[in-house]
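Asks: Using only what follows, build the 3D model:
(one chain, ligands or ions: 1)
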Amino acid sequence: MKQHWKILIWLIAGVVVGFGLQQFTDGPGSVGTRFAPEPVVADGVAVGIRVDAVLQDQLPKGRNASEGLQVGDVVKRITMNAGMDDEKGTDTTSTRALEEFLAQRGAGGVVTIELLSGDKRSALVALDPESTRARWLAPFKFIADIFMRLLKMLIMPLVVTSIVTGVAGLGGGSDFGRMGGRTFGYYATTSFLAVGLGMLLVNILQPGIGARLGISPDADFGQRSENWLDILRRMVPENAFNAFTGNGNMLQVIFFSLIFGFFITKAAEKQRNFMLDLFGAAFDVVMRMASWVMLLVPYGVFCLLVKVIGETGFDVFRPLGAYMLTVMLALIIHSCVVLPLLLKVVGGVSPLKWVRAMSPALMTAFSTSSSSMTLPTTLNTLEKRGGVSNRTSSFVAPLGATVNMDGTALYECIGVVFLAQYYASAGDFVLSFSAQVTVVMAAFLASIGAAGIPSAGLVMMLTILSALKLPLEGAALLLAVDRPLDMCRTVVNVWSDTVGTAIIASKEGESGLGDGMVTESS
Ligand code: ASP
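Replies: This is a model prediction of the structure:
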């Protein structure tokens with residue numbers, strides 16, 4: 001059976017099994033942020049990246065996490081999930097630890113997050129580790145974790161070897177300039193198109209006006225400011241070797257690899273050839289490892305979806321339905337109309353053929369919520385099924401995985417304007433034209449600065465909210481529905497990377513794009 005059908009079948013099976021476990025086993029209705037009907041008083045309630053905070057063990061005996069927090073509960077420990085480094089959850093009870101955590105994640109040092117307290121109404125609900133459902137989900141979670149760790153293991157070696165060989169292979173002359181110009185031109189154009197579309201839809205549909213969010217509209221709209229030069233500053237590593245030690249520093253790694261590859265072309269012939277051979281050989285080996293991991297994709301996707309759907313369910317979507325619909329609509333228009341038109345008109349490639357060829361990468365993106373974790377699959381798919389040359393794909397795709405995020409860009413706009421609309425309709429906030437321009441620019445930069453890891457977009461949204469002087473609390477609400485939206489926007493991010501690669505490949509004179517899969521079977 002063809003790989004894409006196999007993955008699709010396992011993906012659907014994962015949704016069905018996850019939903020079945022969610023419905024028929026014992027555990028909270030859904031894990032996520034709850035909107036308590038009465039004010040919840042807690043000493044500290046997480047405003048977090050993911051929602052698997054360990055709360056059950058702090059609840060008094062006989063209470064179920066599904067009831068959420070109650071007046072008088074004191075949360076002693078909050079586990080912030082680091083997303084990419086799942087294993088390194090950060091325990092925190094202080095805003096300072098939260099700030100550090102977010103700074104590490106690339107949201108800049110300016111983010112201040114108040115722990116929700118007093119009359120705030122949202123509370124985190126966690127899956128009780130002793131519940132029947134948690135026990136059922138454990139083996140799926142185990143396999144999903146191993147699958148994700150395999151993908152993560154490959155990210156850094158792939159990014160370094162592919163960018164260095166890609167840039168060095170271009171020869172440092174006019175080829176490099178042309179390919180670089182086209183690549184960044186494509187990234188900037190599609191990201192701005194995405195931002196524009198997001199802005200248009202959120203202003204037409206106005207999902208935030210009159211929304212019942214259960215958060216106080218009388219916030220303090222002042223004080224904070226943001227320096228956007230920080231994103232540029234953070235691109236330059238202080239210590240190159242430190243940059244290589246964490247999957248969150250991808251912009252720094254890319255920056256270093258681009259320059260390193262470029263200067264290989266300037267080295268004397270002997271050294272140049274040696275370096276080209278060395279990095280070329282390493283890239284070849286890592287790509288073989290990626291092909292091997294590809295064989296696991298269907299089963300990894302299955303286990304990931306059982307875990308995600310089994311934990312989260314669909315209940316969490318209700319309060320934020322209009323917002324979600326707006327994001328989904330924008331994602332659909334961008335990926336099904338805007339990008340295919342560009343692919344057809346500028347690249348001369350059939351969008352249908354291309355989407356079929358790219359489907360393994362898109363389905364991996366959907367289940368991992370991470371462009372970086374998808375990169376091994378993306379590169380493999382581009383070369384084996386897309387028929388793109390190694391020269392083009394190894395330059396365009398790794399850069400795109402970190403820098404080009406159309407789905408994230410439009411999501412930032414919609415999320416921020418949605419909250420601004422809410423505060424404008426319920427409180428004193430004024431959403432001026434200049435504020436909207438700020439959102440456009442900030443969303444564009446945020447999509448570049450966001451790491452290709454789960455929920456990175458939500459973290460970046462905090463920086464835009466502070467630029468607009470809006471309270472950060474709103475982002476905590478959006479957290480409840482972040483996972484499904486993250487899955488979808490990551491698909492669009494990866495789709496845009498592959499469309500860009502096809503367009504640039506065709507401009508470089510490559511033909512037969514999308515035909516590679518004819519030879520594929522398994
Ligand atoms: N998860 C997304 C990605 O990896 C980024 C985001 O959170 O928007 O592409």
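Asks: residues near the residue of the stretch 251-400 of the chain found nearest the ligand, how many?
Replies: Using Cβ to the nearest ligand atom, Ser371 is the residue of the stretch 251-400 of the chain that sits closest to the ligand, at 3.5 Å. Where C-beta positions appear, they are placed from N, C-alpha and C, glycine not excepted. When neighbours are defined as other Cβ atoms under 10 Å, Ser371 has 33 of them.
Asks: Give me the pLDDT for Ser370.
Replies: For Ser370, the model assigns a pLDDT of 90.
Asks: got a list of what the residue of the stretch 251-400 of the chain closest to the ligand touches?
Replies: Neighbour list for Ser371: 365, 378, 400-402, 405, 452, 490, 493-494, 497 [criterion: Cβ atoms under 8 Å, 6 or more residues apart in numbering].
Asks: Could you verify my assumption that Phe255 touches Met235?
Replies: Yes. Assessed by Cβ atoms under 8 Å, Phe255 is found in contact with Met235 at 4.9 Å.
Asks: Settle it for me: which of the two has more neighbours?
Replies: Phe255 (18 against 15).
Asks: what about that one, which SS state?
Replies: Under DSSP: H, G, I helix; E, B strand; the rest coil, Phe255 falls in the helix class.
Asks: For it, give its distance to Asn249.
Replies: Look at Phe255 and Asn249: by Cβ to Cβ, to the nearest Å, they are 10 Å apart.
Asks: same check, this time on Leu465
Replies: With Cβ to Cβ as the criterion, Leu465 and Asn249 are 24 Å apart.
Asks: Excluding residues flanking it in the chain, which one is nearest Ile155?
Replies: Ser372 (5.0 Å; Cβ to Cβ, 6 or more residues apart in numbering).
Asks: sorry, back to before: who has more neighbours out of Leu465 and Asn249?
Replies: Leu465 (25 against 21).
Asks: Does the strand or helix carrying that one reach the ligand?
Replies: Assigned by DSSP states H and E, Leu465 belongs to helix 456-467. Yes. Helix 456-467 lies within reach of the ligand by Cβ under 6 Å from any ligand atom, at 456-457.
Asks: avg pLDDT for that helix?
Replies: Per-residue scores along helix 456-467 average to 76.
Asks: What is it packed up against?
Replies: Helix 456-467 sits against helix 406-426, helix 433-449, helix 473-479, helix 482-507, with contacts defined as 3 or more Cβ pairs under 8 Å, 6 or more residues apart in numbering; DSSP states H and E.
Asks: Spell out which parts of the chain neighbour the ligand.
Replies: So far as Cβ under 6 Å from any ligand atom goes, the chain lies against the ligand at 369-371, 405, 408, 450, 452-457, 486, 489-490, 493.
Asks: closest to the ligand among those residues?
Replies: Distance to the ligand across the residues of the chain next to the ligand (Cβ to the nearest ligand atom) is lowest for Gly457, with 2.6 Å.
Asks: Could you give the number of residues near the closest residue to the closest one other than its chain neighbours?
Replies: Using Cβ to Cβ, 6+ apart and skipping the chain neighbours, the partner closest in space to Gly457 is Thr408 (4.2 Å). Residues contacting Thr408 under the criterion other Cβ under 10 Å number 28.
Asks: can you check Met289 too?
Replies: Around Met289 there are 15 residues (other Cβ under 10 Å).
Asks: That one against Leu154, yeah?
Replies: Yes. Using Cβ under 8 Å, Met289 makes contact with Leu154 at a distance of 6.1 Å.
Asks: what residues are shared contacts of those two?
Replies: What both Met289 and Leu154 touch, as defined by Cβ under 8 Å, 6+ apart, is the set Pro376.
Asks: what about the strand or helix carrying the residue nearest to Ile155, distance to the chain center?
Replies: Using DSSP H and E, Ser372 sits in helix 371-384. Here helix 371-384 is found 15 Å from its chain centre; the criterion is Cα atoms, centre = their mean, to the nearest Å.
Asks: The residue of the stretch 151-300 of the chain found nearest the ligand: what's it in contact with?
Replies: The nearest approach of the stretch 151-300 of the chain to the ligand comes at Met250, 10.2 Å away (Cβ to the nearest ligand atom). Contact analysis of Met250 by Cβ under 8 Å, 6+ apart lists 155, 159, 372, 401-402, 451-452.
Asks: Just flag the most distant two among those.
Replies: By the measure Cβ to Cβ, Val159 and Ala451 form the most distant pair in the contacts of Met250, at 11.8 Å.
Asks: what is in contact with those two at once?
Replies: Contacts common to Val159 and Ala451, judged by Cβ under 8 Å, 6+ apart, are 250, 372, 402.
Asks: would JSON lines of those residues with distance to Gly386 be doable?
Replies: Below are the shared contacts of Val159 and Ala451 laid out as JSON lines (distance: Cβ to Cβ, whole Å):
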{"residue": "Met250", "distance to Gly386": "23"}
{"residue": "Ser372", "distance to Gly386": "19"}
{"residue": "Thr402", "distance to Gly386": "20"}
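Asks: which of the residues you listed lies closest to Leu295?
Replies: Lowest distance from Leu295 to those (Cβ to Cβ) belongs to Ser372, with 20.1 Å.
Asks: Hmm, the closest one is touching Ala451, no?
Replies: Yes. In this structure, Ser372 is within contact of Ala451 by Cβ under 8 Å, at 7.0 Å.
Asks: Tell me which residues of stretch 264-273 come out buried.
Replies: 264-265, 272 (16 or more other Cβ atoms under 10 Å).
Asks: Between helix 371-384 and the helix or strand Ile259 falls within, find me the angle.
Replies: In the assignment (DSSP H and E), Ile259 maps to helix 250-264. Using axes from the mean of the first three to the mean of the last three Cα atoms, to 10 degrees, the inter-axis angle of helix 250-264 relative to helix 371-384 is 40 degrees.
Asks: Give me the angle between helix 250-264 and helix 433-449.
Replies: Using the same axes, to 10 degrees: helix 250-264 against helix 433-449 is 60 degrees.
Asks: after helix 250-264 comes which helix or strand?
Replies: By DSSP H and E, the next helix or strand past helix 250-264 is helix 269-294.
Asks: So for that following helix, what gets flagged as buried?
Replies: 272, 275-276, 279-280, 282-283, 286-287, 290, 293-294.
Asks: just stretch 291-304 next, same as before
Replies: For stretch 291-304, using 16+ other Cβ under 10 Å, the buried residues are 293-294, 297-304.
Asks: Any chance of those residues in a markdown table with pLDDT as columns?
Replies: Listed next are the buried residues of stretch 291-304 as a markdown table, based on pLDDT from 0 to 100:
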| residue | pLDDT |
| --- | --- |
| Val293 | 87 |
| Met294 | 81 |
| Val297 | 87 |
| Pro298 | 90 |
| Tyr299 | 93 |
| Gly300 | 90 |
| Val301 | 89 |
| Phe302 | 93 |
| Cys303 | 93 |
| Leu304 | 87 |
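Asks: So which of the residues you listed is the closest to Ile333?
Replies: Nearest member of these to Ile333, counting by Cβ to Cβ, is Val301, at 25.8 Å.
Asks: Give the full set of residues in contact with the closest one.
Replies: 7, 10-11, 14, 363-364, 366-367 are the contacts of Val301 under Cβ under 8 Å, 6+ apart.
Asks: so what's it closest to, chain neighbours aside?
Replies: Excluding its sequence neighbours, the residue lying closest to Val301 (Cβ to Cβ, 6+ apart) is Ser367, at 4.3 Å.
Asks: Correct me if wrong, but that neighbour is in a helix.
Replies: Yes. Assignment of Ser367 by three-state DSSP places it within a helix.
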